[in-house]
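[1] model this:
(4 chains)
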There are 4 protein chains.
Amino acid sequence: MTVPKDPFAIATAGLTREVPLVPALSALLFIDVQNFSVRREGGEFKGQTPEEIESKYGPFFAHLEASVIPAMQRLQAAFRRAQIEVMYTNIESLTRDGRDRSLDYKVTGFHVPKGSWDDKVIDELSPGDDEIVLPKGSSSVFVSTHIDYILRNLGVKQLVLAGLLTDQCVESAVRDACDLGYLVTLVTDACATMTPERHENSLRTIKGYCRQITTDALIREIGQG
Amino acid sequence: MTVPKDPFAIATAGLTREVPLVPALSALLFIDVQNFSVRREGGEFKGQTPEEIESKYGPFFAHLEASVIPAMQRLQAAFRRAQIEVMYTNIESLTRDGRDRSLDYKVTGFHVPKGSWDDKVIDELSPGDDEIVLPKGSSSVFVSTHIDYILRNLGVKQLVLAGLLTDQCVESAVRDACDLGYLVTLVTDACATMTPERHENSLRTIKGYCRQITTDALIREIGQG
Amino acid sequence: MTVPKDPFAIATAGLTREVPLVPALSALLFIDVQNFSVRREGGEFKGQTPEEIESKYGPFFAHLEASVIPAMQRLQAAFRRAQIEVMYTNIESLTRDGRDRSLDYKVTGFHVPKGSWDDKVIDELSPGDDEIVLPKGSSSVFVSTHIDYILRNLGVKQLVLAGLLTDQCVESAVRDACDLGYLVTLVTDACATMTPERHENSLRTIKGYCRQITTDALIREIGQG
Amino acid sequence: MTVPKDPFAIATAGLTREVPLVPALSALLFIDVQNFSVRREGGEFKGQTPEEIESKYGPFFAHLEASVIPAMQRLQAAFRRAQIEVMYTNIESLTRDGRDRSLDYKVTGFHVPKGSWDDKVIDELSPGDDEIVLPKGSSSVFVSTHIDYILRNLGVKQLVLAGLLTDQCVESAVRDACDLGYLVTLVTDACATMTPERHENSLRTIKGYCRQITTDALIREIGQG
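    Coordinates of the predicted model:
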């Protein structure tokens, strides 16, 4: 594969978002892959009995465990081998009482105190030695962190997104990143939401804002397949 | 109706987004209700024959004309009577050649030159004498204009949204406004997108980010029904 | 002159801000060169007699007329010849009653109604046919307009600043632009403030945030001298 | 003292910035009071002999130790007693290699690796149990952190600033905070820069952007004197 020299020239010249990654200009961001939202014991599901959780979210957790988390792990390993920046953002307040959260998270009741188990990236995806983890207090990482500033300083122009929920925090990140001028790549099988229907609806809704690719195809694209 | 004194105290105390508007803290924003996207002759549909347009978008235009635009007109009139700020944002470049547009709009091919017919709010909703109209060059008005700054200066804390497309520019505005701490009210029948299915999917997806209300109910709420 | 290919590689490799302009990556921004602040009849001086104005600001106006405005004109002409983007920002509200201005401008009493004579760029520097003019409602153009977004869409990485007041709106723009990652060039004799002492103090204070160059040297640098 | 109910009504009605603090709407921010910049052994002075440091910065350090740091300590104690939010921002990268820093800090050579001694608030001002500390990678805390978002979530409208350097990071924060609509209070004797002349020049330059008050007067104002 010939690596393109300038993804923006290609994008605008060709009126296309289908531009392969240039490793030095790329970053991979995992969204909310943390105990709070990925574990049956996570804070998002607190106050429900194991039976209620199984009945409401059983297929969601099963899909995460059998398919989505393994895809994320392959992705993380491949991006590290290709020396592409790997980043993480988690729902986490800057305080233990959560007073710095968005009004929305206060109303919703999302509260992940600073330093809690809930705010940790799941063990299967543990952040590496000098990788960046950004605590966020709202749905879109572009609103409640200064990630746009960090990506600029890193020289990132192509942003790869994975995580959950597809139609909530991930979709908000896709929309904002696209508007801000990033070429966004969404890894479809490394994302999940509560039902397959919601997942598919979200992918259709945002297909004008990003290119959509599978984990394995993306790993091949960066020469690690 | 007893007008609440502090919508935020209510919202956080009651863990609810169902807070009636306080007129002095509110604004109504119409999104992309402009010739480009609302008229069969608009730039968004350029290059297609009348037959193609009718076949693809006939029901969409019929719904706009019979129902959505009249709802918007009632809304605009009622908010003006209640002396609530009415604002508009349109897809429009700051230049005639569109070089200031987002990368996304360049790739998509959305080009509304400054000062063109396409960039005007439709006649049925003409902006009033000293109302604010913001040209935008991306989907979310919060990314490509400084509306957050303006709303802050106006003292607005409750933002009412109407316009189109429900699942594109309107939904992006709902998400960003919510994350930024506004209490968002979406006027469901004063929004539209290409199909009823997409409209309903969008409303379901973002129901955690805004309260959803009909035009007539909202007009009654502000005492103009 | 050999034009550098990548100003950022040079800047970071050489630990220097002294990087010549790459025309395609550059823009010139004139700040507040408008009737409000440049003319004895301008709104900024309203309520004072001609004698008071002459006694307080006489040397300032004389310096503007004899030296600063002519430098700005040479700069504008040279940048246009070199086909480098020329932009303008003026103090101007989006409304006639100024309700969208910053709290600071309300307290200060700075009020330039939309569409007034005060808000126009002075005739000597009239904006060209498709050049961008941004109304702003606070000191820093980076806070009260979305210029950062526009510069990104234009591909600008080196920002040239001129205008007034050196130690107020110009200095705020230098600071924010520098922090945001632009390589900032300040044209020292195309800026002015109320006294030479204040001008010199400002240049010293911000010398770590920008390179400082004279009009003539900069015109030679872009091959128009 | 009668506490004003709405600082903004007072500010705009009275055309004044001289509005006493409303504790529930206020926060105190210490800027760069960290080992890197306050200690003779700090990274900012690395590579210089003790003699060079003493000869160049001796009076600066003596002033910090005898006067500025004690003032900061009194301020911190009084604000805590008054239950007003106390915050801190330090120069600190999110990584050990500093790749996320601003271009400006890379060029300047300011490098405070994550987790280093240099990035700690000095012991005399140790952050309390659940107080917020924001790492920043540029001069203005409003550019390189999302403090504006946090202050909004906290309901802060009056921002008190102290720290160093008066004419560099502190002045940038004053300017941006003012433009963003905060009522800014600068504690003049709880700030410092390299020389008294630079300190006085800065105070004069930004007197239109903030009210300026001494530590003791401010402590009395919040009822803790």
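
[2] now look at the lengthiest strand in chain A and say if it contacts chain B.
    If you go by DSSP state E, chain A has its longest strand at strand A:183-192. Yes: using Cβ under 8 Å from any Cβ of the partner chain, strand A:183-192 comes into contact with chain B via A:Leu183. Any C-beta I mention is one placed from the backbone N, CA and C, and that applies to glycine too.

[3] who touches that strand?
    Outside of strand A:183-192, the residues within contact range by Cβ atoms under 8 Å, 6 or more residues apart in numbering or on different chains are A:7-8, A:11, A:17, A:19, A:21, A:60, A:63-64, A:67-68, A:71-72, A:75, A:157-166, A:170, A:174, A:177-178, A:199, A:203, A:206, A:209-215, A:218, B:103.

[4] export the next helix or strand after that strand to PDB, keeping only CA atoms.
    Next helix or strand after strand A:183-192 toward the C-terminus (DSSP states H and E): helix A:196-205. C-alpha atoms of helix A:196-205 as PDB (Å, rounded to 0.1, in the frame of the first residue of the first chain):
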ATOM      1  CA  PRO A 196     -28.200  -4.200  17.700                       C
ATOM      2  CA  GLU A 197     -31.100  -2.100  16.300                       C
ATOM      3  CA  ARG A 198     -29.800   1.000  18.000                       C
ATOM      4  CA  HIS A 199     -26.300   0.200  16.900                       C
ATOM      5  CA  GLU A 200     -27.300  -0.100  13.300                       C
ATOM      6  CA  ASN A 201     -29.500   3.100  13.400                       C
ATOM      7  CA  SER A 202     -26.600   5.100  14.800                       C
ATOM      8  CA  LEU A 203     -24.200   3.800  12.100                       C
ATOM      9  CA  ARG A 204     -26.700   4.800   9.400                       C
ATOM     10  CA  THR A 205     -27.400   8.200  10.900                       C
END
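
[5] for helix A:196-205, give me every contacting residue.
    By Cβ under 8 Å, 6+ apart, helix A:196-205 touches A:166-167, A:170-171, A:186, A:188, A:191-193, A:212, B:167-168, B:171, B:198, B:201-202, B:205.

[6] wait, doesn't A:Leu218 sit right on A:Val160?
    Yes: A:Leu218 is within contact range of A:Val160, at 7.2 Å (criterion: Cβ atoms under 8 Å).

[7] what do these two both touch?
    A:21, A:185, A:187.

[8] tally of neighbours for the first one?
    What it means is A:Leu21. 26 (other Cβ atoms under 10 Å in any protein chain shown).

[9] am I right that it sits in a helix?
    No: under DSSP: H, G, I helix; E, B strand; the rest coil, A:Leu21 falls outside any helix and is assigned coil.

[10] I'd assumed A:Val160 was in contact with it.
    Yes: the pair A:Leu21 and A:Val160 passes the contact test of Cβ under 8 Å, sitting 7.1 Å apart.

[11] need the overlap of contacts for the two.
    A:185, A:218.

[12] in chain A, what residue spans correspond to helices?
    A:7-14, A:35-38, A:50-63, A:69-81, A:103-108, A:141-144, A:147-154, A:171-179, A:196-205, A:215-221 (DSSP state H).

[13] can I get those helices in CSV with mean pLDDT?
    Formatted as CSV, these follow (pLDDT from 0 to 100):
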stretch, mean pLDDT
helix A:7-14, 71
helix A:35-38, 97
helix A:50-63, 96
helix A:69-81, 98
helix A:103-108, 94
helix A:141-144, 98
helix A:147-154, 98
helix A:171-179, 98
helix A:196-205, 98
helix A:215-221, 98
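
[14] tell me which of those helices sits nearest to D:Phe30.
    helix A:147-154 (21.6 Å; Cβ to Cβ).
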